[in-house]
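S.K.: Next one to model:
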Amino acid sequence: MKTNSSAKLIQFIDIPKVYDEGILVFSEALRHIPFEIKRFYLIHNVIEHAVRGKHAHKKTRQVLFCVQGSITIILDDGRSREAVKLNKSHRGILLDTMIWHEMVSFQKNTVLLVVASEYFEESDYVRSYKDFIQLKGQTSVENNEK
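M.R.: Below is the predicted model:
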């Protein structure tokens, strides 16, 4: 996978971590998370070699935290592509609107927490990369690499 080092697709979100006979990690909407949280979900027990995601959102913003294990997130804005490994419970990434994303390399027992700015609505999803590129009005990263 080719990456563009000048791209700014990866925006880290660091949240507080408190040590008190263990580790407490917390966040608050509009303080640590840059939007009001309307939904959260967990992804875990992912089968080996699975590729999850493979879509973009028209209006939903999300923050992804790997609360256990590790995972690689591939982000693509239609012009450039970046990959980031998540493996710290207090460090997430902001997934803004119209960013194609894929989740790969799930370590065994990985748990991914996702907080979202919108309620689930199927019409918010762009599930075809070709449609994504057309909506972005660009040539795909894949075509640029050839």
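
S.K.: In this structure, where is pLDDT below threshold?
M.R.: 1-7, 138-146 (pLDDT under 70).

S.K.: go with 50
M.R.: Scanning the chain for pLDDT under 50 picks out the ranges 1-6, 145-146.

S.K.: And the helices in it?
M.R.: Using DSSP state H, the helices of the chain run over residues 129-136, 141-145.

S.K.: Was I right to think Phe120 contacts Arg39?
M.R.: Yes: counting by CB atoms under 8 Å, Phe120 does reach Arg39; the two are 6.4 Å apart. The C-beta positions use only the backbone N, C-alpha and C, and glycine is treated the same way.

S.K.: Ile43 and Gly22, how far apart?
M.R.: Counting by CB to CB, to the nearest Å, the separation of Ile43 from Gly22 is 24 Å.

S.K.: Sorry, slip of the keys, the one I care about is Ile93.
M.R.: Where Gly22 is concerned, Ile93 sits at a distance of 25 Å (CB to CB).

S.K.: So between those two, which is more surrounded?
M.R.: Neighbour totals were compared for Ile93 and Gly22, and Ile93 leads with 20 against 6 (other CB atoms under 10 Å).

S.K.: Make sure that one is actually in contact with Leu64.
M.R.: Yes: taking CB under 8 Å as the definition, Ile93 is a contact partner of Leu64 at 5.5 Å.

S.K.: so what's Leu113 closest to, chain neighbours aside?
M.R.: For Leu113, ignoring the flanking residues on the chain, the nearest one in space by CB to CB, 6 or more residues apart in numbering is Phe65 at 4.5 Å.

S.K.: let me redo that: Thr60
M.R.: Excluding the flanking residues, the one nearest Thr60 by CB to CB, 6+ apart is Glu118, at 4.3 Å.

S.K.: contacting residues around that neighbour?
M.R.: Residues in contact with Glu118 (CB atoms under 8 Å, 6 or more residues apart in numbering) are Lys38, Arg39, His57, Lys59, Thr60, Arg61, Asp124.

S.K.: could you dump those to CSV with distance to Ile99?
M.R.: Output for those, formatted as CSV (distance: CB to CB, whole Å):
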residue, distance to Ile99
Lys38, 19
Arg39, 18
His57, 8
Lys59, 12
Thr60, 11
Arg61, 9
Asp124, 13
